[in-house]
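S.K.: My questions are about this predicted structure, shown below with the sequence.
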Amino acid sequence: MRIAASLRRRDPRLLISERECRLLAPGITAWLARGVSEAEVVRALCQGLPTVLRGRAAGILAWRLREHLPPPVSVAASAPPVTP
């Protein structure tokens, strides 16, 4: 919940309610469980946001958490390296 609540320091448009923070917490926990640092989670949620947010900020954040969830560390470690 702390990470979700802190997002407004990075972008004032991401001021979300305590209830919304609680709803986002499981998604953030899933990212952390996959070896992503707190700073990387914040960057993934805040980077490249549209100039005008259409809808609730929490909805956009929930979508990003769900749709951009990285693979588990064990899957990522076993994947063959990508060649350019």
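M.R.: Received it, and whenever you're ready, just let me know what you need. Numbers count the residues shown, from 1 in each chain.
S.K.: where exactly do the helices run in this structure?
M.R.: 2-10, 18-33, 38-46, 57-67, 73-78 (DSSP state H).
S.K.: possible to save the ones you listed as CSV with mean pLDDT and mean neighbour count?
M.R.: (C-beta placed from N, C-alpha, C; glycine too.) Output for those, formatted as CSV (pLDDT from 0 to 100; neighbours: other C-beta atoms under 10 Å):
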stretch, mean pLDDT, mean neighbour count
helix 2-10, 94, 16
helix 18-33, 97, 16
helix 38-46, 96, 16
helix 57-67, 96, 16
helix 73-78, 65, 10
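S.K.: Residue 44: what's it in contact with?
M.R.: Contact analysis of residue 44 by C-beta atoms under 8 Å, 6 or more residues apart in numbering lists 31, 36, 64, 68.
S.K.: 7 Å instead, please
M.R.: Contacts for residue 44 (C-beta atoms under 7 Å, 6 or more residues apart in numbering) come out as 64, 68.
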